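Student: Below is the sequence, then the predicted model.
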Amino acid sequence: MRIDTLALDNPFVLAPLAGYSDLAFRLLCREMGAGFCCSEMISSHGLVRGQKKTLELLATVPEERPVAFQLFGSDPGVMGDAAAHPALRAGDILDINMGCPVRKVVRKGAGAALMKDMQRAEKIIRAVRQNTSLPVTIKIRSGWHKECETAVDFALMAQEAGAAAVTVHARSWAQGFAGRADWRIIARVKETAVIPVIGNGDILCYQDGQQMMAETGCDGVMIGRGALGNPWVFRESGRPSTLEGRMPVVLRHLELARLFVPPARLLFYLKNHITRYTGGLPGASGIRQEIARSASVDSILQAVLTARDDLQPE
């Protein structure tokens with residue numbers, strides 16, 4: 001897949017996940033084969049104001065490139081100013097979130113609310129394009145609700161405004177993350193748009209992504225929740241069926257977390273991520289409980305190593 005002049009070696013990419021798409025996890029997914037990874041949503045207002053927590057979301061290292069930074073906001077002027085921020089030059093793609101269903105985002109006219117205001121959305125895309133040399137992409141949903149699917153028209157507008165690619169989450173705002181994603185809307189966007197179309201929704205394994213590309217003709221696949229505890233989703237071989245087989249990646253994630261996650265957040269961070277690696281394993285509930293009781297990073301590691309040894313065949 002190509003986005004503008006950027007050539008990707010894998011059309012499977014990591015979605016922006018609030019609270020999860022930090023540098024450590026993005027690096028891990030890149031090492032596991034993701035074509036690129038997208039940052040958590042970055043507030044345009046926070047970036048323009050130089051807020052410390054916002055700037056921390058832009059942490060990156062050369063090893064994770066290509067990387068996409070995702071902006072959100074509803075004011076074309078502020079979005080344009082944010083796009084010009086020097087910190088964004090460390091990235092390779094500048095994505096605009098026009099699909100977040102979270103009410104506190106939508107109430108401010110950002111995220112999926114922009115799918116009800118195509119005129120404002122177009123102004124935002126043009127303002128961002130005018131203030132960055134990076135390829136600008138957008139992430140949208142099928143529409144506001146099932147009876148108002150606007151993804152095709154929205155994608156055509158974005159293409160005309162200068163967007164280099166569009167990601168389509170095949171659910172409406174009204175659906176949130178519930179119900180089944182309707183991949184047919186991705187196919188309709190792909191049939192109409194000239195720019196690359198990336199599909200998103202209900203990808204839990206590599207084979208799901210292949211099926212989406214075959215059914216819709218999309219150029220790439222963006223994986224969100226399906227990558228949590230399963231960065232093998234970017235590889236055809238898939239997630240190992242044993243904890244022993246998963247251990248190298250678990251240990252690598254722990255190593256990256258020690259390097260890039262602030263110490264004050266590290267324990268909670270690891271509990272949140274490491275428990276997800278136990279999915280589908282015998283005794284997973286017990287392992288998760290042991291991790292949850294852990295009072296230190298070392299005790300989390302010991303809990304996982306003990307569980308691995310206990311699950312070894314005799």
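Tutor: That came through fine.

Student: Spatially nearest residue to residue 32, not counting backbone neighbours?
Tutor: residue 231 (4.2 Å; C-beta to C-beta, 6 or more residues apart in numbering). The C-beta positions use only the backbone N, C-alpha and C, and glycine is treated the same way.

Student: from what I can see that neighbour touches residue 28, true?
Tutor: Yes: with contact defined as C-beta atoms under 8 Å, residue 231 reaches residue 28; the gap is 5.5 Å.

Student: joint contacts of those two?
Tutor: 249, 253 (C-beta atoms under 8 Å, 6 or more residues apart in numbering).

Student: Okay, and the beta partners of residue 7?
Tutor: Residues in a beta bridge with residue 7, per DSSP bridges, are residue 2.

Student: I'd like to know how far it sits from residue 35.
Tutor: 10 Å (C-beta to C-beta, to the nearest Å).

Student: So those two - more neighbours on which side?
Tutor: Set side by side, residue 7 and residue 35 show more neighbours around residue 35, with 23 against 10, by other C-beta atoms under 10 Å.

Student: And for residue 169, the neighbour number?
Tutor: Residue 169: 28 neighbours (other C-beta under 10 Å).

Student: ok, now residue 67?
Tutor: Neighbourhood size, residue 67 [other C-beta under 10 Å]: 23.

Student: surely it meets residue 39?
Tutor: Yes: look at residue 67 against residue 39 with C-beta under 8 Å: they come within range, at 7.0 Å.

Student: any common contacting residues for these two?
Tutor: Listed as contacting both residue 67 and residue 39 by C-beta under 8 Å, 6+ apart are 26, 91.

Student: Please name the residues that touch the residue nearest to residue 32.
Tutor: 25, 28, 29, 32, 34, 249, 253.

Student: So which of the residues you listed are in helices?
Tutor: With DSSP state H as the criterion, helices contain 25, 28, 29, 249, 253 from among the contacts of residue 231.

Student: so which two of these are the farthest from each other?
Tutor: Using C-beta to C-beta, those span at most 11.5 Å, a distance reached by 25 and 249.

Student: which of those two has more neighbours?
Tutor: Applying other C-beta under 10 Å to residue 25 and residue 249 shows that residue 25 carries more neighbours, namely 24 against 19.

Student: Show the pLDDT at the more buried one.
Tutor: pLDDT, residue 25: 97.

Student: where's it relative to residue 40, distance?
Tutor: Taking C-beta to C-beta, one finds residue 25 at 10 Å from residue 40.

Student: Outline the domain layout of this structure.
Tutor: What the record gives for the chain is the domain set 2-232, 243-310, from automatic domain parsing.

Student: need the least confident one among these, by mean pLDDT.
Tutor: domain 243-310 (a mean of 91).

Student: mind checking the end-to-end distance for that one?
Tutor: End-to-end distance for domain 243-310, by C-alpha to C-alpha, to the nearest Å: 10 Å.

Student: how much space between residue 210 and residue 236?
Tutor: 8 Å.

Student: Compare neighbour counts for the two and give me the winner.
Tutor: residue 210 (15 against 12).

Student: which SSE is the more buried one in?
Tutor: In this structure, residue 210 sits in helix 206-216 according to DSSP states H and E.

Student: elements contacting that helix?
Tutor: helix 184-192, strand 197-200, strand 220-223 (3 or more C-beta pairs under 8 Å, 6 or more residues apart in numbering; DSSP states H and E).

Student: Only the buried residues of the longest one, if you could.
Tutor: Using 16 or more other C-beta atoms under 10 Å as the test for burial, helix 184-192 gives 185, 186, 187, 188, 189, 190.

Student: Tabulate the residues you listed in a markdown table, adding columns for distance to residue 72.
Tutor: Shown next, in a markdown table, are the buried residues of helix 184-192 (distance: C-beta to C-beta, whole Å):
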| residue | distance to residue 72 |
| --- | --- |
| 185 | 22 |
| 186 | 22 |
| 187 | 27 |
| 188 | 25 |
| 189 | 21 |
| 190 | 25 |
